[in-house]
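Participant: Here is a sequence with its predicted model. Questions after.
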Amino acid sequence: MAPVTIPSPTKRGPDLAPLRIARSAGGTVVRRGGRFAWVLLVGLLGGLGWAYATGRLVLGPSGEAGTPVVETSLVAGGTPAVAGPREEKANGYIVARKRAALSTVLSGRLVEVNVTEGQSIPLDFVVARIQHDDYDAALARAQTDVVLATARKGEVQKALDASRLDLGRLESDNAVLDELVRQARAEADRTTQDLVRNEPLRGRVVDGASWDRMKAAASAAHAALEAALARVKAGTSAVTAWNGEIARREAALAVVDAEIARARDAKHEAEILLEKTFVRAPFAGLVIRKDAEVGEVVAATGAGGNSRGSVATIVDPASFEAQVEPSESRLPRLAEGDRVLVMLEASPTIRIPGKIRQVWPTADRQKATVEVRISLDEKPSILRPEMGVLVTFFGKDAPATPVSAVDRPRVAARALVNRTGAVATVFVVEGDTLRRREVRLLGEKGGDVEVESGLAGGERVVLSPGSTLSDGAKIRVKEAR
């Protein structure tokens, strides 16, 4: 059968050629849009498959497409405590009694910053350091001065020791000379006495030659005595001179000792200045704020211009306490040692017993409040500085240890997914919508797990959630218990 050709109308209108049906010789109708319809159908089936795999399309119990049906369970515990008629309440914050903003005494550019927020650091940890090359040079110079002064002292000490040895030798020589003088004087006295004794016999018993010999011996003895006395005098002068030299060298040694002391003081001062280039932790604590980076200038007297006043701020978590400012009209009902109960606003299920540590000795005239500090019996890991708290004061007639009637929330173990240590995930039902929530766990009791944070109690969670559930998914609830 030949193709049918439709003649064009006399009046020109819209072109309908693309809509023309072509027929083959066998009578089969060929549709130009067939291939596009198949592509559309395959895409639709693929989209339905993706929606089913991701939980956006779930078959109900009867097999029809619809929202998934889940089993749920209530989170037990966590009932808020109710204050008694004689209890007082006040809002406040967690503060650290031991807190330090770390800086340096010297001004300079930071070349090291060794901490980040949330880092725990030990005592004397080097938090940061300013530029120190000039202080290194000053210390090296002071150390050299100490070495040189010590070397000079060694030289002066050796000279002093040598002069003392020479003095000892002179004193020994003078002792020998003293003995020679004694002997020479004895010989002179003997020869003189011989002359005096033999003079009456001269010419009769003593001939002229013998007399001359006696006179010569007497003269020689007196000359020897004079020489010995002269040597003793010279030795005495030498001893006096060496004593003066020793005194001079002792004075020089004292000067060198003073120079060494001064050089050591300069070295100690240089060491102190070099140590001041370090910013060290005054106590073991937690870094809660990092205020400067490498390259910034830290000013000794505080931030000014482009300089920083501190490098980091640390706190001692062991010193965490609650700070509240109740009205001054409540002051008669508050006293140090009174028991309290502290509730964290971040996790109302956490309630910490404590007591009033101090009632501030002054009031705030503008707010008409009095600051009260509260020591905590426990310090859970969730505590952070500036965290909000609600403090219940039990009064002076309350028992020594107030007991909270609140249990920690407990969730069924079957509701936990992605559990890693003390952290897990649950799906909380809000109307017909799921909300993914991360919880921190404590110990298990039976089939339930105590929750430290993330749940307050009374929520409804999904049991045995499948991998198809996601945050924000729509569900239908089937009660399990």
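Facilitator: Looks like it came in fine. Numbers count the residues shown, from 1 in each chain.
Participant: Quick one: low-confidence residue ranges for the stretch 251-400 of the chain.
Facilitator: The model of the stretch 251-400 of the chain has pLDDT under 70 over residues 300-307, 395-400.
Participant: ok, which stretches of it are strands?
Facilitator: Under the criterion DSSP state E, counting those that start in this stretch, the stretch 251-400 of the chain carries strands at the ranges 278-280, 285-290, 297-298, 307-308, 312-315, 320-324, 339-344, 351-364, 369-376, 388-393.
Participant: looking at those, which is closest to residue 165?
Facilitator: When those are compared by CB to CB, strand 278-280 sits nearest residue 165, at 50.6 Å. Bear in mind the C-beta positions are built from the backbone N, C-alpha and C, glycine included.
Participant: List the neighbouring strands of that closest one plus their orientation.
Facilitator: Strand partners for strand 278-280, identified by DSSP bridges, are recorded as strand 126-130 (antiparallel).
Participant: Please determine how far residue 429 is located from residue 412.
Facilitator: According to CB to CB, to the nearest Å, residue 429 and residue 412 sit 13 Å apart.
Participant: shared neighbours of the two, anything?
Facilitator: Overlap of the contact sets of residue 429 and residue 412 (by CB atoms under 8 Å, 6 or more residues apart in numbering) consists of residue 461.
Participant: higher neighbour count, those two?
Facilitator: Looking at residue 429 and residue 412 with other CB atoms under 10 Å, you find the greater number of neighbours at residue 412, namely 23 against 17.
Participant: for the stretch 101-250 of the chain, which spans come out with low pLDDT?
Facilitator: Low-confidence segments of the stretch 101-250 of the chain (pLDDT under 70): 203-204.
Participant: quick one, strands of it?
Facilitator: 108-113, 120-121, 126-130.
Participant: okay if I get those strands as CSV plus mean neighbour count and distance to residue 293?
Facilitator: Below are those laid out as CSV (neighbours: other CB atoms under 10 Å; distance: least, CB to CB, whole Å):
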stretch, mean neighbour count, distance to residue 293
strand 108-113, 17, 6
strand 120-121, 16, 18
strand 126-130, 21, 10
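Participant: Residue 185 contacts residue 227, doesn't it?
Facilitator: No: Residue 185 lies out of contact with residue 227 (CB atoms under 8 Å); the separation is 11.9 Å.
Participant: So for these two, which sits in the more crowded spot?
Facilitator: Between residue 185 and residue 227, residue 185 has the larger neighbour count (other CB under 10 Å), namely 16 against 13.
Participant: Tell me who's in contact with the more buried one.
Facilitator: Counting by CB under 8 Å, 6+ apart, residue 185 has contacts residue 225.
Participant: isn't residue 409 right up against residue 455?
Facilitator: Yes: in terms of CB under 8 Å, residue 409 counts as a neighbour of residue 455; the distance is 4.6 Å.
Participant: Give me the more crowded residue out of those two.
Facilitator: The neighbour count for residue 409 versus residue 455, taken as other CB under 10 Å, is higher for residue 409 (27 against 24).
Participant: can you count the residues close to the closest residue to residue 313 other than its chain neighbours?
Facilitator: Sequence neighbours aside, residue 289 is the residue nearest to residue 313 in space, at 4.2 Å (criterion: CB to CB, 6 or more residues apart in numbering). Applying other CB under 10 Å, we find 14 residues neighbouring residue 289.
Participant: Repeat that for residue 275.
Facilitator: For residue 275, the neighbour count with other CB under 10 Å is 12.
Participant: next one: residue 313
Facilitator: Counted with other CB under 10 Å, the neighbours of residue 313 add up to 19.
Participant: quick one: contacts for it?
Facilitator: With CB under 8 Å, 6+ apart, residue 313 has these contacts: 99, 100, 101, 102, 287, 288, 289, 291.
Participant: Done for today, thanks.
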